[in-house]
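Asker: Sequence and predicted structure below; questions after.
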Amino acid sequence: MAAFLQQVVSGLAQGAIFASLALALVLIYRSTDVLNFSQGEMATFTTFIAWSLMNQGLSYWPAFALTLVIAFAGGALVERTIIRPVEHRPEIVIVIITIGLLIALNGLTGWIWGAEVKSFDSPFPNRTTEVGGVVISIQDLGVLGVCLATVFVLWAFFRFTTLGLVMRAVANSQEASRLMGVRVGWMLALGWGLAAALGAVAGMMAAPTVFLDPNMMLIILIYSFAAAVLGGIDSPVGAVVGGLVLGVLINVLGTYVDFVGGELRLPAALTVLLIVLLVRPQGLFGHRVVTRV
Amino acid sequence: MGRWRPLLGKAIGPVLFALGIVVVALLPRFMGEFRLLQFTLVAIYVIALLGLNILTGYSGQISLGHGAFVGLGAYICALLSLGRPGLELYMIDPPGWLPLGDGMRPVFTIPIAALVTGIIGFIVGIPALRLGGISLALATLAIAVSFPILMKRFSEVTGGGGGLNLNLPETPFGWDISTRHWLYYEAWVTAGVLFVVAWLLVRGRIGRAWRAIRDGEVAAVSAGVNPALYKTFAFGVSSAYAGAAGALFAIETSYVNPDTFPVGLSILLLASAVIGGLGSLAGVVFGALLYEFLPIYAQKPPIFSFDFADQAPAVVFGVFLIVIMLLLPGGVAGLFRVVARMVRGGRLRRAAPPGA
């Protein structure tokens, strides 16, 4: 039982990373109505920036904070420069642009920092603690804590500030918001900035365990897509719950089902996802989309 | 001249196609073995991109997993042409229910690979397309990432990470040309046939239904088109094309390995299809040339005296993709259409943005 709980806790830590990136995807999906395929590469790029900052002698938390600011600015810049011109074009055009950004950023990361794997410092001690017979690593607890704290801050921002309210209004109806005098374009850029910052948190939390290389977020991105779809692609709560559930699920499956083992976690997770979707296409917390014919 | 103009417009497609045949037939005279290999690969990419263009350009869906279907076709070709006796040399003993036979001439595995890959694509497409929206892109991305993992995991069939070596086939019928020449013609004849098939598909009833779905699914439904059926069919057809390309790829390179078909292959194939021109069959030729030669020239630019990093091609591909989508949604083919219209003196309109 203790071993099982141990798997659950480390699954939650992994799931928290999926949840952060999934929430970033949902943020953009709700405001711009598009899945951002470059979300993972944006996170990787900013994590490399954090690595460079720390190499310049900055200590962890200042580098962390500075990276969030840079990520925010970068995300907003991407929206302003390459997403805004195609805002009203069909979904497929925007998706292809985000795929172009994925390719370009992946190449650029490798070009600037090289393709070899780098280690990334963790702010948390490499120790374990014992709670009721369950051995828990401090690293896992820290990751879980940072991700959930970020999600909480974001929730509070959307719930309690005027700016958050305005952004929710834009996600709800751009037309109506514009008529109320909201600068819709800037709100969308703000959404992309927040999503990029959220992705940076996921990247910096993942890097100590998966190590830093240009492709490090690809698999995580797919898990996050899965988490977002599982929770309901338009539901922030769903993204967080979906991420945590998926993290625990793949850890337990990988440990206790011999056939799955270490290698088949991804295909196994996707199969589970597919089954869920065929039964409940809108996900756990999403809304059914009705198209009027 | 004026009244001949419409006729000229109609004739330009077949004329270009005939011209293409002449160029393809004559090219080997001017090339060494290495160039020949490169242009054989171009034919193979033409086939893969034809399938992708049918899917993305005509029926308006995105696949980020075509590399996996190319890989599937390659593995089917390798397993069938080695057969059980050939696999025994690798200490591979696939389960008895797999109909592998005793090995066959590689060229005959091409239609089988296409058929099997097409059917698998169709089956995969059913749940993915039922979900609608962007879920096909997600599902196919997941397939692309899983493919190498699965090939390594089920090594009792695939040979695992070590891959499988094929024998380079000999030129048949006692023809007096080298194997490389034979493979070149084999690839280009297959590409030509599949090009015509694609053209017949997109110009007829099915193509009309695809375009109707692409340009407005709701309107297509009210016109009596069943989108799920046609979309799944498009995915099946495009997978079959990928399978044929994969089989040819295995024959040409005489080697299959899980890491030959990484997720990057899928993503760059889509990028090439888009840059070549969505919704234009001629565009796939540009796309294929780009896919083969851009990485070489982006790394060693002819005008600079130094090499760029390995990652330079990816950056160029990505930037191209974004710029094309922003400025020229018709891709290279669309650019040619614009130029042709200017030359003919017609009024300049925006290049038709297919899929857009």
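Answerer: On my side now, so go ahead. Residues are numbered from 1 along each chain as shown, chains lettered A, B, ... in the order given.

Asker: and the stretch 101-250 of chain A, which of its residues are near chain B?
Answerer: A:101-111, A:115, A:214, A:218-219, A:222, A:225-226, A:229 (C-beta under 8 Å from any C-beta of the partner chain). Where C-beta positions appear, they are placed from N, C-alpha and C, glycine not excepted.

Asker: Show me the residues you listed that map onto strands.
Answerer: Taking DSSP state E, every one of these sits outside strands.

Asker: Return a ChimeraX selection command for the buried portion of these.
Answerer: The buried residues among these can be selected in ChimeraX (16 or more other C-beta atoms under 10 Å in any protein chain shown) with this line:
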select /A:101,102,103,104,105,106,107,108,109,110,111,214,218,219,222,225,226,229
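
Asker: Show only the entries of the residues of the stretch 101-250 of chain A next to chain B found in helices.
Answerer: Taking DSSP state H, the ones among these that sit in helices are A:101-111, A:218-219, A:222, A:225-226, A:229.

Asker: Helices along chain A, start to end?
Answerer: Using DSSP H, helices in chain A cover A:2-32, A:39-55, A:60-78, A:91-113, A:138-160, A:162-172, A:174-179, A:184-210, A:216-231, A:236-256, A:265-279.

Asker: Off-centre distance for the fifth one?
Answerer: Between the centre of helix A:138-160 and the centre of its host chain there is 12 Å, according to C-alpha atoms, centre = their mean, to the nearest Å.

Asker: Quick one: residues in contact with that helix.
Answerer: A:9-10, A:12-13, A:16-17, A:19-20, A:23, A:122-129, A:163-165, A:167-168, A:194, A:198, A:201-202, A:205, A:208-209, A:236, A:240 (C-beta atoms under 8 Å, 6 or more residues apart in numbering or on different chains).

Asker: average pLDDT across stretch B:173-190?
Answerer: The predicted model assigns stretch B:173-190 a mean pLDDT of 82.

Asker: Give me the distance from that stretch to the chain's centre.
Answerer: Worked out by C-alpha atoms, centre = their mean, stretch B:173-190 lies 20 Å from the chain centre.

Asker: what's in contact with that stretch?
Answerer: By C-beta under 8 Å, 6+ apart, stretch B:173-190 touches B:24, B:28, B:33, B:36-37, B:39-40, B:43-44, B:47, B:107, B:110, B:168-172, B:244, B:248, B:251-252.

Asker: Narrow those residues to those that are buried.
Answerer: B:24, B:28, B:36-37, B:39-40, B:43-44, B:47, B:107, B:110, B:169, B:171, B:244, B:248, B:251-252.

Asker: How about residue 72, nearest residue that isn't a chain neighbour?
Answerer: All of this is about chain A. Leaving aside its sequence neighbours, A:Phe72 sits nearest to A:Gly193 (C-beta to C-beta, 6 or more residues apart in numbering or on different chains; 4.1 Å).

Asker: You answered for a different chain; I wanted chain B.
Answerer: Using C-beta to C-beta, 6+ apart, the closest residue to B:Leu72 is B:Thr117 (5.1 Å).

Asker: quick one: the helix or strand encompassing the one you found to helix A:216-231, angle?
Answerer: B:Thr117 is part of helix B:106-131, with elements assigned from DSSP states H and E. On the basis of axes from the mean of the first three to the mean of the last three C-alpha atoms, to 10 degrees, helix B:106-131 is oriented at 50 degrees to helix A:216-231.

Asker: In helix B:106-131, which residues are buried?
Answerer: Under 16+ other C-beta under 10 Å, the buried positions of helix B:106-131 are B:106-107, B:109-110, B:112-114, B:116-118, B:120-122, B:124-125, B:127-129, B:131.

Asker: before we move on, what about stretch B:205-219?
Answerer: Buried residues in stretch B:205-219 (16+ other C-beta under 10 Å): B:206-214, B:217.

Asker: just those that are near chain A?
Answerer: Within those, those near chain A by C-beta under 8 Å from any C-beta are B:Glu217.

Asker: any chance of the buried residues of stretch B:205-219 in CSV, plus pLDDT and secondary structure?
Answerer: Below are these laid out as CSV (pLDDT from 0 to 100; DSSP: H, G, I helix; E, B strand; the rest coil):
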residue, pLDDT, secondary structure
B:Ile206, 84, helix
B:Gly207, 85, helix
B:Arg208, 86, helix
B:Ala209, 84, helix
B:Trp210, 84, helix
B:Arg211, 86, helix
B:Ala212, 84, helix
B:Ile213, 82, helix
B:Arg214, 83, helix
B:Glu217, 77, helix
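
Asker: Give the residue spans of the stretch 201-350 of chain B that score low on pLDDT.
Answerer: Across the stretch 201-350 of chain B, the ranges flagged by pLDDT under 70 are B:299-309, B:344-350.

Asker: Span of stretch A:26-42 from start to end?
Answerer: 15 Å (C-alpha to C-alpha, to the nearest Å).

Asker: close to chain B, is it?
Answerer: Yes - using C-beta under 8 Å from any C-beta, we find that stretch A:26-42 touches chain B at A:35, A:37.

Asker: Can you tell me how far the residue nearest to A:Thr44 when sequence neighbours are not counted is from chain B?
Answerer: Closest residue to A:Thr44 in three dimensions, ignoring its sequence neighbours and counting by C-beta to C-beta, 6+ apart: A:Met217, at 4.6 Å. Counting by C-beta to the nearest C-beta, to the nearest Å, the gap from A:Met217 to chain B is 12 Å.

Asker: At the contact with chain A, which residues of the stretch 151-300 of chain B appear?
Answerer: Residues of the stretch 151-300 of chain B lying near chain A (C-beta under 8 Å from any C-beta): B:152-153, B:217-218, B:221-222, B:263, B:267-268, B:270-271, B:274.
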